[in-house]
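Undergrad: Need the 3D shape of this:
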Amino acid sequence: MSRRRKAREIALQILYAQEMSGSDLEDIFRDVVDRRKSSEEASSYAYRLIGWVAADMDKLDRLIADCLENWKMERVAAIDRIILRIALTELLHCPEVPTSVIINEAIEVAHRFSSEKAGAFVNGILDRLAREVRSA
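TA: Down below sits the predicted model:
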């Protein structure tokens, strides 16, 4: 598993824990990184992703909601919603990472942490988002 995949998984775990508990992101970050014994590179990338997601949450959710057809954001499973936020953050802030890599990584994380159907859902939403944000 790549360091960036580990970073994405760390970010997912931290953001999910924060959403479910309301605890401080910094405290959760330290706890998760310590338990996972993450490399400095993975921890650093996860920290950047978490910061961007936290800073841009309203914008991210608005962009995602605009791509949902016959769904409301509240109906999207929390894990899937956070996976979408992380991937969209990478699309917006990491131009050096190819779009196909971001989408494929999000699908793999969805398969691991959500459900098999979540992969198709994540793929469809991110494909639309990538056309909007990467072509602009």
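Undergrad: low pLDDT regions in this structure?
TA: 1, 136 (pLDDT under 70).
Undergrad: Can you pull up the most central residue in it?
TA: Nearest to the geometric centre of the chain sits Ile86, at 2.1 Å (CA atoms, centre = their mean).
Undergrad: Distance of that residue relative to Ile64?
TA: Applying CB to CB, to the nearest Å, the value for Ile86 to Ile64 is 11 Å. For every residue, glycine as well, the C-beta is placed using N, CA and C.
Undergrad: cool, and Ala46?
TA: Where Ile64 is concerned, Ala46 sits at a distance of 20 Å (CB to CB).
Undergrad: Mind checking which of those two has more residues around it?
TA: A direct count of neighbours by other CB atoms under 10 Å for Ala46 and Ile64 places Ala46 higher, at 28 against 22.
Undergrad: Please point out which parts of the helix ranked longest in the chain sit buried.
TA: Counting by DSSP state H, the longest helix found in the chain is helix 40-67. Neighbour-count burial for helix 40-67 flags 42-43, 45-50, 52-53, 56, 60-61, 63-64, 67 (criterion: 16 or more other CB atoms under 10 Å).
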